[in-house]
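*Asks:* Provide a 3D model corresponding to the input given below.
(one chain, ligands or ions: 2)
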Amino acid sequence: MTAATIRQPKRLADYQPPSFLVSKTDLSFELDPTATRVSATLTFQRNGAGIMILDGQQLKLISLRLNGQMLTDKDYRLTEDSLEIVKPGNSGVLEIVTELNPDQNSALEGLYLAEGVYCTQCEAEGFRRITYYPDRPDVLAVFTTTIIADSSQLPFLLSNGNKVSETLLSDGRTAVKWHDPFPKPAYLFALVAGDFDCLTDAYVTASGRQVSLEFYVQKGALSRSHFAMAALKRAMHWDEQRFGLEYDLDRYMVVAVDFFNMGAMENKGLNVFNSKYVLADDSSATDQDYFNIESIIGHEYFHNWTGNRVTCRDWFQLSLKEGLTVFRDQEFSADMGSATLNRIEAVKLIRTAQFAEDASPMAHPIRPEQVLEMNNFYTVTVYDKGAEVIRMLQTILGKTGFNAGLKCYLDRHDGQAVTCDDFVQAMQDATGQDLTQFRRWYSQSGTPEVKVQEHYDATSARLTLKLHQHTPVTADQTIKQPLLMPMRIELLFSNAGSSMRQLLLLSNEEQEFQFDGIHEQPLIVWLEDFSAPVKLSTHYQPEQLLLIAGRATNGFARWDAMQQYWSLLISKAVTGGLLPQLPAELVSLFKQLLQQPLADIALTAELLALPDFDTLAEQYTEIPVDALLSCLAHLTQQLAEALAIELTACYQRFDSIAYHYNEQGVALRALKGRCLHYLAFTNEGEHWVNQHYRQADNMTDQLTALKAAQYAELATSNSLLEDFAKRYQHNVQVMDKYFSLVATTPNDAVFTHLDRLTQHSLFSWKNPNRVRAVFGAFSQRNAKQFHRADGRGYQLLAQIVTKLDPINPQLAARLLTPLLSWQRYDQQRQHLLAGLLKALAAQASLSNDVFEKVSKSLP
Ligand code: B3K
Ligand code: ZN
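*Replies:* Ligands and ions are numbered 1, 2, ... in the order given. Reported below is the predicted structural model:
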């Protein structure tokens, strides 16, 4: 196989139905660290013209039988990544025996062994590392799995579905057999074998079915799995209430493992989770950790309907399950906590990582058209912009219409592998709304830009709003068409409390909306709740933004107005080459917020925040790195000085309450934390930070103190960090937080620190959590050192990617992302980055993962 054939991307336009289907897949695993035997018995039927070609990678073929007859090498053709059966006939039974080496599998795809636990990860194309198989999501089979192992070493032998039998074999090994009655694609297959502590519970579904819930966690961690269990029950109940969807098997198992490439995986009946998203208790988890656990537990559970019962026809349709399931988990989280806060966080992600992806060489629509390595397309575009597209559907159709559409989709396609078009069609059929133009959101990449103009005529009492949309070309696509987008607005009138809310549907490139009977010129709140994933340009004066921040009905819109206020101030300063000065009206608004926080304390904490570096950066074609960082540091310092008294009073007003992860607790900690962030910049900074750290009875407050000390570069920062590392040296989840903190050291010393971290006894290049904690934090959250003008930060990341690629290509390709946006920086940085990318591209034997990204980014 030549490099050229391996590097051939697949295209959506070339989709062909499979020539053979598999109705039954019987698997038997004889587990062994270096020589696991897999016997696969596939019952197949012809489905169309064409040869029988099975996928397979890094497999040792032991034997092959067709309908009981041993095949010899003239009966099949074997390549590095496929097996062709020369004369399969129209139906039959194929028996394949392969051998694998789970111990050597550091890519963590297929079957791997890490820290004594055997675990699989098959999405997207990992099953082909287990046996030869039509490894594509539109081949659905009923799986039966037998696991044979020494149960004294591996007491738990788990797979999908229901447990059928457990037998003691004559050689002393145990055979456990599982059967999953729901036909599924191979990517949803899972096997886990190991020794765990198990937390069990039960759930009775709305229709009265009893479901056994089981969490398998590392020994000694049982007490840290209760929150995840409770979150699962909340998710099960929520899906019944909101969408009428119930769980369908008798068991729901979740296994937490420490070696995992991503957050979690929705394998049918047997979810595998990164332990980071299961294990939590008050002394080790932050509010953010609790939030993430609840939302990811929900996400994987919701996949049982949106992903498993109805799955994707091909991987280009990934957003069919991911966009929809992210939307569902966002709705769940919004109902469990603060809807406003949830919306703010979701929008921040779109405005940073997603907008950056649209502007990068990896730009792609939520339904990509061309893919070399599928793992590269589990992106913020497919997931999070995908969720925004679903949210727009709900906005356009209303909740009732949307629910009816979802029901129609699931009823119509239960048990099938379908496309995004099928989904939109169901929405259209259930509601009668023509969604032809809306479908462009699936095929068109890029961030649309919307310009708004207002004209008010007092004599006719008419307000005219003129909207103009335009999507700039992206790296992957030059022709762009107008999109159908819902624009939520609110008209604020001078009489406090009087306003009018509207939903505009923008479909043309340019469009006018008229409102009659408007007796005064209103102040318009545009894009309430971020009703479409676009960049909006308005003509607000700063004082209008402050008015909106104080008065808009929608909490998100208030926060957004503050963000726009700061962006405007900063961009004027950057253009003028000066540092921004704090306007008096801003200071008085902040004083007011600090003295009388709103009823919604969580929102107050957000209103008091400056935009982050990444959000500001996305507003520039060429990112003025140094200027933005100086503006942010300067404004923080100025706010601290101007508001020291009010910050202190606000900080002291709320007595610390005993730790509870609930909406009120989260909000109070956030507000105190925001105050501390500024107080760290006052003369008493050391005092406040030390006190906050020492008095903390929970992880959130400890981290808040550590971060505040680090950002303000306080002398106490290092000793607090040392204390923290000593205190938590035995808790690896907490040590990851320590690693990340060290990696965000804002000065030169960070390079020595990073070197030291990789020598730490807990660090391993094979563990993605450790690598991400160190180098993910450095490249994504240490803008000052990562973007150094001398290129030292970029160089380091390129070295790490080179080192990781042979170990774990998926991880290497993810870490590489920040280097791809090289064209967004000044000449000097561009030059440095382009040089590093060229050097990477020139390396022999790059994985497809890294190759695809690097090659796209080169001029
Ligand atoms: N479906 C998995 C992601 C698989 C990623 C493969 N590289 C988790 C999720 O989105 O729920
Ligand atoms: Zn998902």
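*Asks:* and stretch 325-334, how far from the chain's centre?
*Replies:* Distance, stretch centre to chain centre, for stretch 325-334: 12 Å (Cα atoms, centre = their mean, to the nearest Å).
*Asks:* stretch 552-561 now?
*Replies:* The chain centroid and the centroid of stretch 552-561 are separated by 25 Å, computed with Cα atoms, centre = their mean.
*Asks:* next: stretch 141-150.
*Replies:* In terms of Cα atoms, centre = their mean, the centre of stretch 141-150 is found 31 Å from the chain centre.
*Asks:* ok, stretch 351-367 next?
*Replies:* Chain-centre distance of stretch 351-367: 14 Å, with Cα atoms, centre = their mean.
*Asks:* so which bits of stretch 222-241 are buried?
*Replies:* For stretch 222-241, the neighbour count (16 or more other Cβ atoms under 10 Å) marks 224-225, 227-229, 231-236, 238-239 as buried. Any C-beta I mention is one placed from the backbone N, CA and C, and that applies to glycine too.
*Asks:* which one is Thr447 nearest to, not counting chain neighbours?
*Replies:* Asp358 (4.6 Å; Cβ to Cβ, 6 or more residues apart in numbering).
*Asks:* got JSON lines for the buried residues of stretch 222-241, with secondary structure, distance to ligand 1 and pLDDT too?
*Replies:* As requested, those are exported to JSON lines (DSSP: H, G, I helix; E, B strand; the rest coil; distance: Cβ to the nearest ligand atom, whole Å; pLDDT from 0 to 100):
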{"residue": "Arg224", "secondary structure": "helix", "distance to ligand 1": "22", "pLDDT": "98"}
{"residue": "Ser225", "secondary structure": "coil", "distance to ligand 1": "19", "pLDDT": "98"}
{"residue": "Phe227", "secondary structure": "helix", "distance to ligand 1": "19", "pLDDT": "98"}
{"residue": "Ala228", "secondary structure": "helix", "distance to ligand 1": "15", "pLDDT": "99"}
{"residue": "Met229", "secondary structure": "helix", "distance to ligand 1": "19", "pLDDT": "99"}
{"residue": "Ala231", "secondary structure": "helix", "distance to ligand 1": "15", "pLDDT": "99"}
{"residue": "Leu232", "secondary structure": "helix", "distance to ligand 1": "14", "pLDDT": "99"}
{"residue": "Lys233", "secondary structure": "helix", "distance to ligand 1": "19", "pLDDT": "99"}
{"residue": "Arg234", "secondary structure": "helix", "distance to ligand 1": "18", "pLDDT": "99"}
{"residue": "Ala235", "secondary structure": "helix", "distance to ligand 1": "13", "pLDDT": "99"}
{"residue": "Met236", "secondary structure": "helix", "distance to ligand 1": "17", "pLDDT": "99"}
{"residue": "Trp238", "secondary structure": "helix", "distance to ligand 1": "17", "pLDDT": "99"}
{"residue": "Asp239", "secondary structure": "helix", "distance to ligand 1": "15", "pLDDT": "99"}
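*Asks:* could you dump those to CSV with distance to Asp250?
*Replies:* Listed next are the buried residues of stretch 222-241 as CSV, based on distance: Cβ to Cβ, whole Å:
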residue, distance to Asp250
Arg224, 26
Ser225, 21
Phe227, 24
Ala228, 20
Met229, 17
Ala231, 21
Leu232, 15
Lys233, 16
Arg234, 20
Ala235, 18
Met236, 14
Trp238, 21
Asp239, 18
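*Asks:* which two in these are spaced the farthest apart?
*Replies:* Arg224 and Asp239 (25.0 Å; Cβ to Cβ).
*Asks:* if we can go back for a sec, ok, the buried residues of stretch 222-241 vs Ala773, which is closest?
*Replies:* If you rank the buried residues of stretch 222-241 by distance to Ala773 using Cβ to Cβ, Arg224 comes first, at 18.3 Å.
*Asks:* number of nearby residues for the residue nearest to the closest one when sequence neighbours are not counted?
*Replies:* Spatial nearest neighbour of Arg224, excluding adjacent residues (Cβ to Cβ, 6+ apart): Leu279 at 4.1 Å. The number of residues packed near Leu279 is 27, by other Cβ atoms under 10 Å.
*Asks:* quick one: contacts for Leu279?
*Replies:* Contacts for Leu279 (Cβ atoms under 8 Å, 6 or more residues apart in numbering) come out as 217-218, 221, 224-225, 228, 256, 285, 733.
*Asks:* among those residues, which pair sits farthest apart?
*Replies:* By the measure Cβ to Cβ, Gln218 and Ala285 form the most distant pair in these, at 15.6 Å.
*Asks:* tell me the buried residues in stretch 182-196?
*Replies:* Within stretch 182-196, the residues scored as buried using 16+ other Cβ under 10 Å are 182-194, 196.
*Asks:* what's the most distant pair in those?
*Replies:* Farthest pair in these (Cβ to Cβ) is Pro183 and Phe196. Separation: 28.7 Å.
*Asks:* ranges for the helices of the stretch 301-450 of the chain?
*Replies:* Remark: helices assigned in the stretch 301-450 of the chain by DSSP state H, counting those that start in this stretch are 318-336, 339-349, 355-358, 380, 386-413, 420-431, 440-443.
*Asks:* could you give the mean pLDDT of stretch 724-742?
*Replies:* Averaged across stretch 724-742, pLDDT comes to 98.
*Asks:* stretch 678-687 now?
*Replies:* On average, the pLDDT along stretch 678-687 is 98.
*Asks:* of all the buried residues of stretch 222-241, which comes closest to ligand 2?
*Replies:* Ranked by distance to ligand 2 (Cβ to the ion), the buried residues of stretch 222-241 are led by Ala235 at 13.4 Å.
*Asks:* excluding chain neighbours, what is closest to that closest one?
*Replies:* Nearest residue to Ala235, sequence neighbours excluded (Cβ to Cβ, 6+ apart): Gly298, at 4.1 Å.
*Asks:* was I right to think the one you found contacts Ala231?
*Replies:* Yes. Judged on Cβ atoms under 8 Å, Gly298 makes contact with Ala231 at a distance of 6.9 Å.
*Asks:* sec struct for the residue nearest to Arg224, please.
*Replies:* Classification of Leu279 by DSSP: H, G, I helix; E, B strand; the rest coil places it in coil.
*Asks:* report pLDDT for it.
*Replies:* At Leu279, the pLDDT value in this model is 98.
*Asks:* please apply the same query to Ala4.
*Replies:* 44.
*Asks:* please apply the same query to Arg343.
*Replies:* At Arg343, pLDDT is 98.
*Asks:* tell me the contacts of the residue lying closest to it once chain neighbours are set aside?
*Replies:* With sequence-adjacent residues excluded and distances taken as Cβ to Cβ, 6+ apart, Arg343 is closest to Phe556, at 4.6 Å. Listed by Cβ under 8 Å, 6+ apart, the contact set of Phe556 reads 340, 343-344, 347, 528-530.
*Asks:* and the residues you listed as CSV, adding distance to ligand 1 and neighbour count?
*Replies:* Shown next, in CSV, are the contacts of Phe556 (distance: Cβ to the nearest ligand atom, whole Å; neighbours: other Cβ atoms under 10 Å):
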residue, distance to ligand 1, neighbour count
Thr340, 25, 20
Arg343, 21, 21
Ile344, 22, 20
Val347, 20, 22
Glu528, 29, 20
Asp529, 24, 18
Phe530, 22, 21
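*Asks:* tell me which of these is nearest to Thr538?
*Replies:* Using Cβ to Cβ, Glu528 comes nearest to Thr538 of the contacts of Phe556, at 13.1 Å.
*Asks:* help me confirm that that closest one comes into contact with Ile489.
*Replies:* Yes. With contacts counted by Cβ under 8 Å, Glu528 reaches Ile489, the gap being 6.3 Å.
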